[in-house]
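Asker: Structural data only, the sequence is not supplied:
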């Protein structure tokens, strides 16, 4: 069976930067629902169209094809006293509003703590891989028709599956 709209695709995936440094290679294959449901990068989905089990793709994803360009407007400086004790550099925390949005917005966002110094916390609202070109290698493991429930939900019905889209 070939990859087409409304088929669940199982992939063995390896993600690295363009210098070959491994970023992620899940132990278990990942699944997504093919057909512009937003569960995978559009460039990857286009490259997989028509492929069958055992076919392989090897793509270079520019930042705009993956997690976007790095946006300095998504940096935020906050007083340290706003945070509980134990805050450390590298932690990913949920904020009330994404940096760069007006105070009137009450949209939760995620930021990475990039520095703590002189009573201030530097938060970065960019995806950790923003601004980085990536190498995406995948081998098609399985292709099957999606169930009606999967189509209605717009996602493969595998709660353990890893979604290959940008994180908030």
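Answerer: On my side now, so go ahead. Just so it is clear, the structure is predicted and the values come from calculations on it, not from any experiment.
Asker: need the contact list for residue 136.
Answerer: Applying C-beta atoms under 8 Å, 6 or more residues apart in numbering to residue 136 gives the contacts 13, 14, 15, 41, 44, 57, 58, 59, 60, 61, 66. For every residue, glycine as well, the C-beta is placed using N, CA and C.
Asker: what's the spacing between the fourth one and residue 113?
Answerer: Read that as residue 41. 27 Å (C-beta to C-beta, to the nearest Å).
Asker: What are the boundaries of the strands in this protein?
Answerer: 7-17, 22-24, 30-33, 56-61, 75-79, 92-95, 109-117, 120-124, 134-145 (DSSP state E).
Asker: picking up where we left off before, with respect to residue 28, which of the contacts of residue 136 is nearest?
Answerer: residue 13 (10.1 Å; C-beta to C-beta).
Asker: Just list whatever residues bridge to that closest one.
Answerer: Applying DSSP bridges to residue 13 yields these beta-bridge partners: residue 138.
Asker: And for it, the neighbour number?
Answerer: 19 (other C-beta atoms under 10 Å).
Asker: And for the one 3 residues further on?
Answerer: For residue 16, the tally of surrounding residues (other C-beta under 10 Å) stands at 15.
Asker: start the count at 55, not 1, going forward
Answerer: Let's use 55 as the start, then, which means that last one is residue 70.
Asker: what pLDDT does it get?
Answerer: Residue 70 is assigned 96 on the pLDDT scale.
Asker: and it, what is it in contact with?
Answerer: 76, 77, 188, 189, 191.
Asker: Next, count neighbours for the last one.
Answerer: Counted with other C-beta under 10 Å, the burial measure for residue 191 works out to 15 neighbours.
Asker: Check the gap between it and residue 110 for me.
Answerer: Distance, residue 191 to residue 110, using C-beta to C-beta: 7 Å.
Asker: before we move on, what about residue 55?
Answerer: 17 Å.
Asker: likewise residue 97?
Answerer: Residue 97 is 16 Å from residue 110, by C-beta to C-beta.
Asker: of these two, who's got more company?
Answerer: Of the pair residue 97 and residue 110, residue 97 is the one with more neighbours under other C-beta under 10 Å, namely 16 against 11.
Asker: Do I have it right that the more buried one meets residue 115?
Answerer: Yes - here residue 97 lies in contact with residue 115, judged by C-beta atoms under 8 Å, at a distance of 6.1 Å.
Asker: Any stretches of the protein with poor pLDDT?
Answerer: 151-162, 212-222 (pLDDT under 70).
Asker: domains of it?
Answerer: 61-121+184-207, 126-178 (automatic domain parsing).
Asker: Would you mind giving the strands of the chain as TSV with distance to residue 206 added?
Answerer: Listed next are the strands of the chain as TSV, based on distance: least, C-beta to C-beta, whole Å:
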stretch	distance to residue 206
strand 61-71	13
strand 76-78	29
strand 84-87	11
strand 110-115	28
strand 129-133	38
strand 146-149	29
strand 163-171	28
strand 174-178	36
strand 188-199	14
